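Trainee: fold the following for me, if possible:
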Amino acid sequence: MSRLLITNIGELTTNVPVDGDPCGALADAAILIDGGRVAWTGPAADAPTDVDETVDAAGRAALPGFVDSHTHLVFAGDRADEFEARMAGVPYAAGGIRRTVAATRTASDDELRTRLAGFVRELHAQGTTTFEVKTGYDLTVAGEERSARLAAEVTDEVTFLGAHVVPAEYEHDRAAYLDLVCGPMLEAVRPFVRWIDVFCERGAFDPAEAERVLAAGAAAGLGTRVHGNQLGEGEGVRLAVAHGAASVDHCTYLSDADVAALAAGDTVATLLPGVEFSTRHPYPDARRLLDAGVTVALASDCNPGTSFTSSLPLMVALAVREMGMTVGEAVWAATAGGARALRRTDIGHLGVGARADVVILDAPTRTHLAYRPGVPLVREVYVGGKRVA
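Mentor: Numbers count the residues shown, from 1 in each chain. Alright, predicted model coming up:
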């Protein structure tokens, strides 16, 4: 592959700590990409000259590609009516997932694949260069295998979420459904997935059920993740930490014991402010977590029911406006934090040797991501040194 130099960067966020700054911001900078990897960063005036191609950023800001560590992109149907009802005061409950399950089961492979490709284009256009995709909108053995297989066509980060909710046909036999999830369903998806997840919440799965799902996934060699503490305080966070889960996602309602457990472990608290935007629940208190020393990630939770957005720039803006984060903290959480939630060291930063995932903004600083919310500021996107948007 050719050597590409991106130069005249007004503000380069590397996420390689410099002088106490975890974002490693450099002014008047350049970055050299060789073989799809970062080969050098530093002052533009000192940039190497033996290059094959040069991109002039013209004083614009550049940062690592966003890492969206929580999405649900394999589905059919639409639930806009639920959103409208919530805005009129109807409270959110987990049962709406069954509507998407019904629609997804009737969709063809090609219909699901086409919609998934559209979401990938949408993610790239907004600066997301790595993304996780969960199953969980079919809840049959064949359907979950199909969802995992289709997701694996677009990402290496596929999560088995058979334990999303109990489908209607098992409503009166939860034990039989758990047997299915932990047995034949897990076996069917195993070739395509890296992770297992469980929705540990009222209306979904209780702690004992969640414990069984996580144990089965770990025994199959999968990494563990948890949906927890979205609708109220519960055991989700402490269950995730006890199992050494890579991430516990939502973390909207936390006790002091939850925060202490997260601070003492290495489980990332992944916050999903698009959900609170769409459900009118209180936003997570990111400041409380950060001040306790917890590693925080931001993700979109793109799904048809509670957060139908794929925009990590929007998550950054919401985190700054509503959750007590500085711009630097929010950008770090949406890049390096997401990488930590996926236990990846090759993405989320622009240190030498990292995969060259670079976003150039049509703005002079990263602050504009929060300062100009809703404005399409992503100008160019590179994945592994190749431009994709």
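
Trainee: confirm that residue 41 sits in a strand.
Mentor: Yes: secondary structure of residue 41, determined by DSSP: H, G, I helix; E, B strand; the rest coil: located in a strand.

Trainee: does it touch residue 33 like I think?
Mentor: No: using C-beta atoms under 8 Å, residue 41 and residue 33 do not qualify as a contacting pair, with a distance of 10.1 Å. Bear in mind the C-beta positions are built from the backbone N, C-alpha and C, glycine included.

Trainee: neighbour count winner among these two?
Mentor: For the pair residue 41 and residue 33, the greater number of neighbours falls to residue 33 (27 against 22), based on other C-beta atoms under 10 Å.

Trainee: remind me which residues of the stretch 51-200 of the chain are low pLDDT?
Mentor: When residues are selected by pLDDT under 70, those of the stretch 51-200 of the chain lie in 93-95.

Trainee: give me the number of residues near residue 54?
Mentor: By the measure other C-beta under 10 Å, the count of residues near residue 54 is 14.

Trainee: what's the closest non-adjacent residue to it?
Mentor: Across the structure, with C-beta to C-beta, 6 or more residues apart in numbering as the measure, the residue nearest residue 54 apart from its sequence neighbours is residue 5 (4.9 Å).

Trainee: which residue ranges of the stretch 101-250 of the chain form helices?
Mentor: Secondary structure of the stretch 101-250 of the chain (DSSP state H, counting those that start in this stretch): helices located at 109-125, 141-152, 174-180, 186-189, 207-219, 236-242.

Trainee: for residue 328, which of those helices is the nearest?
Mentor: helix 109-125 (22.7 Å; C-beta to C-beta).

Trainee: burial measure for residue 69, as a count.
Mentor: The tally of other residues near residue 69 (other C-beta under 10 Å) stands at 33.

Trainee: pretty sure it contacts residue 336?
Mentor: No: because the distance of 11.1 Å does not satisfy C-beta under 8 Å, residue 69 is recorded as not touching residue 336.

Trainee: just to revisit the earlier point, that's a helix at the residue nearest to residue 54, yeah?
Mentor: No: checked against three-state DSSP, residue 5 lies outside a helix; its state is strand.

Trainee: give me every residue that touches it.
Mentor: Contacts of residue 5 were listed using C-beta atoms under 8 Å, 6 or more residues apart in numbering, and they are 30, 31, 32, 33, 47, 48, 51, 53, 54, 55.

Trainee: phi, psi of residue 359?
Mentor: Recorded main-chain torsions at residue 359 are phi -120, psi 130, according to degrees, to the nearest 10.

Trainee: surely residue 279 touches residue 89?
Mentor: No: under the criterion of C-beta under 8 Å, residue 279 makes no contact with residue 89, lying 11.7 Å away.

Trainee: which of those two has more neighbours?
Mentor: residue 279 (20 against 7).

Trainee: residues contacting that one?
Mentor: Contact analysis of residue 279 by C-beta under 8 Å, 6+ apart lists 86, 92, 306.

Trainee: filter the residues you listed down to the ones in helices?
Mentor: By the criterion of DSSP state H, membership of those in helices covers residue 86.

Trainee: separation between residue 278 and residue 318?
Mentor: Using C-beta to C-beta, to the nearest Å, we find residue 278 at a distance of 11 Å from residue 318.

Trainee: and residue 74, by the same measure?
Mentor: Applying C-beta to C-beta, the value for residue 74 to residue 318 is 25 Å.

Trainee: which one's more surrounded, the two?
Mentor: Neighbours were tallied for residue 74 and for residue 318 using other C-beta under 10 Å; the higher tally belongs to residue 74 (28 against 23).

Trainee: which element is residue 30 on?
Mentor: Taking DSSP states H and E as the criterion, residue 30 maps to strand 25-34.

Trainee: now do residue 278
Mentor: Assigning secondary structure by DSSP H and E places residue 278 in helix 273-279.

Trainee: chain center to that helix: distance?
Mentor: Once both centres are worked out by C-alpha atoms, centre = their mean, to the nearest Å, helix 273-279 turns out to sit 14 Å from its chain's centre.

Trainee: and the average pLDDT for it is what?
Mentor: Within the predicted structure, the mean pLDDT of helix 273-279 is 96.

Trainee: let the chain start at 3 from now.
Mentor: Okay, residue one is now 3; in that scheme the one you just asked about reads as helix 275-281.

Trainee: contacting residues for residue 375?
Mentor: Per C-beta under 8 Å, 6+ apart, neighbours of residue 375: 315, 316, 319, 323.

Trainee: for it, helix, strand, or coil?
Mentor: Under three-state DSSP, the three-state class of residue 375 is coil.

Trainee: next: the one 3 residues further on.
Mentor: State at residue 378, reduced to three classes by three-state DSSP: coil.

Trainee: report how many residues lie close to it.
Mentor: Burial of residue 378, expressed as a neighbour count using other C-beta under 10 Å, amounts to 11.

Trainee: which segments of this protein make up each domain?
Mentor: Taking automatic domain parsing as the reference, the chain has its domains at 5-67+350-389, 68-343.

Trainee: all set, thanks.
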